[in-house]
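[1] 3D model of this:
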Amino acid sequence: MSTKNTVLLLTLLLSPTALQAQELKALVGGRLIDGFGHQPIANSVILIKDDRIEKVGTVDTLPVPDGYEHISTEGMDVLPGLWENHAHLMLAGHANYSHWHKAYPERFQDEVMPASALQLLLAGITSARDLGAPLEASIEVKRSINEGRIPGPRLYISGPFIQHEAYPGTESYRWGIKGVNDARKKIKKLAQAGVDVIKLIDHDKMTLEEANAVVDEAHKQGLKVVAHAHRPDEIRRGLAIGVDNFEHTGLTTAPGFPADVIEQLNERTATGRVAGGPLFWTPTVEGLWQYDLTVSNPERLDNNCWERGLKKDTVEDIRQSLKKPGQLSYMQLTPLRKPTLKRKIQQLRDAGVVFLVGTDSGIPTKFHCQSTWNEMAVWVDVMDIPAMDAIRAATYWPAVMMGVDEHSGTVSAGKYADIIAVKGDVLRYINLLQDVKLVMKGGTLYKQDGQVIESAL
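    Predicted coordinates for the structure are as follows:
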């Protein structure tokens, strides 16, 4: 290249026009709860270049340079974008599973899952784990989000459940295994397809060798394993084979976890990093705690936030299924489970597990636009979990569990600009999260001043 051309190229690269091509934003004035769990930062300034956080400071220490779009967060609490750690994007709150799974599989990829992803994002969920869905649909929806063809959170997918035997009619999203070799083969297939995590259930019904093969092969493939904890033997077996994350409080109407299970949990949490990191637990209590309240006041089911992205006939079908929420067969044991939840949560906290916020979002009566903030509110207002701990369980710890904490989970320099903001003091009033005023993912604003930016969708 000639000297003249070199000078011309440098001039173009350094010109104001070239600099303006970068997306430069500054969030200014709000109180920052950065995800690390320390003292919030008053009058914060967050500089954003393209999809990353460039610098974090205060109005006194970090002047906003020329060329940055100034976005006021005065009077607001600013947080990392939330994680939903147990979502079902192929579900949309419909009360009749057997009908849904027969009528809607052809709509999962093009309608239902994209709608679920959009609803999560607009609720302030910038990262989500989708645990259990047909593999092809899961891969395609994740790819579409990554390529910017549809809006949604950063999606971490499991594809189909891995279990002893698929329930009749569910084979498209539940894979049974037959022997050790088949277990390893199916985990390899999922890994090669591009899943991010393995979901394991009914592992107490497998042979020990089969269950161990699932976890061992997953870990060889660099994948964490999340496992159901509905039965004591699922927990015992899960601990024996080294699962990374248990899901649900489980044990139906039993008053608490058996003593030997608690003892084994204590042994596991005592090992910490030696065992590969903390033992994570996603308790999913909100739906159980709130069910009788929903029956007595079903008005929240009429919130049209869950209709966004769904076709009119889908919306009407869901509405019809929820006309009598108190008569749902899916929920008939729930009132008997509710009195056991506080003790179970306290037992798990005392055992030293690290909680993750997840909700089973998408199951009957639980909509993607509502579930996560409801879960956090029950934790704080009912289960006496400090608000800061609940926030970290929805920001910092999920990123650690999924091994992406270099890029996500806190508002700090170098990480993705996945940021939300609410009006007021979220550490005092956690339910402010039901009305997220600002949603930014990767530097792109999807909500500002409480309004959806339709052009970004």
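[2] Report the buried residues of stretch 141-158.
    Using 16 or more other Cβ atoms under 10 Å as the test for burial, stretch 141-158 gives 141-142, 144-145, 150-158. Any C-beta I mention is one placed from the backbone N, CA and C, and that applies to glycine too.
[3] Would you convert these into CSV that also reports secondary structure, pLDDT and distance to E23?
    Output for those, formatted as CSV (DSSP: H, G, I helix; E, B strand; the rest coil; pLDDT from 0 to 100; distance: Cβ to Cβ, whole Å):
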residue, secondary structure, pLDDT, distance to E23
V141, helix, 98, 25
K142, helix, 98, 23
S144, helix, 98, 22
I145, helix, 98, 19
I150, coil, 98, 20
P151, coil, 98, 16
G152, coil, 98, 19
P153, coil, 98, 19
R154, strand, 98, 18
L155, strand, 98, 22
Y156, strand, 98, 25
I157, strand, 98, 28
S158, coil, 98, 32
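[4] Tell me which stretches of the stretch 351-457 of the chain form strands.
    354-355, 419-423, 438-441, 444-448, 451-452 (DSSP state E, counting those that start in this stretch).
[5] Nearest to I201, out of those strands?
    Nearest to I201 among those is strand 354-355 (20.0 Å), distances taken as Cβ to Cβ.
[6] Name every strand pairing with that closest one and say which way it goes.
    According to DSSP bridges, strand 354-355 forms sheet pairs with strand 280-282 (parallel).
[7] tell me the mean pLDDT for the strand it pairs with?
    The average pLDDT for strand 280-282 rounds to 98.
[8] now stretch 38-45
    97.
[9] need the strands of the stretch 351-457 of the chain in JSON lines with distance to R237, can you?
    Putting the strands of the stretch 351-457 of the chain into JSON lines (distance: least, Cβ to Cβ, whole Å) gives the following:
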{"stretch": "strand 354-355", "distance to R237": "21"}
{"stretch": "strand 419-423", "distance to R237": "38"}
{"stretch": "strand 438-441", "distance to R237": "38"}
{"stretch": "strand 444-448", "distance to R237": "41"}
{"stretch": "strand 451-452", "distance to R237": "45"}
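[10] quick one on the thing from earlier: in the buried residues of stretch 141-158, find the pair that's most separated.
    Farthest apart among those by Cβ to Cβ are P151 and S158. That separation is 21.5 Å.
[11] JSON lines for the buried residues of stretch 141-158, including distance to R52?
    Converted to JSON lines, the buried residues of stretch 141-158 look like this (distance: Cβ to Cβ, whole Å):
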{"residue": "V141", "distance to R52": "24"}
{"residue": "K142", "distance to R52": "21"}
{"residue": "S144", "distance to R52": "22"}
{"residue": "I145", "distance to R52": "18"}
{"residue": "I150", "distance to R52": "22"}
{"residue": "P151", "distance to R52": "19"}
{"residue": "G152", "distance to R52": "19"}
{"residue": "P153", "distance to R52": "17"}
{"residue": "R154", "distance to R52": "14"}
{"residue": "L155", "distance to R52": "19"}
{"residue": "Y156", "distance to R52": "20"}
{"residue": "I157", "distance to R52": "24"}
{"residue": "S158", "distance to R52": "28"}
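[12] Out of those residues, which comes closest to I420?
    Checking the buried residues of stretch 141-158 against I420 with Cβ to Cβ, the nearest one is P153 at 11.5 Å.
[13] who's the residue lying closest to that closest one once chain neighbours are set aside bridged to?
    Using Cβ to Cβ, 6 or more residues apart in numbering and skipping the chain neighbours, the partner closest in space to P153 is A128 (4.4 Å). Applying DSSP bridges to A128 gives these bridge partners: E84, L155.
[14] In contact with the closest residue in space to C305 that isn't next to it in sequence: list those residues for me.
    Leaving out its chain neighbours, the residue that sits closest to C305 by Cβ to Cβ, 6+ apart is C369, at 3.8 Å. The contact partners of C369, taken as Cβ atoms under 8 Å, 6 or more residues apart in numbering, are 119-120, 122-123, 303, 305-306, 308.
[15] I'm done for today, thanks for sticking with me.
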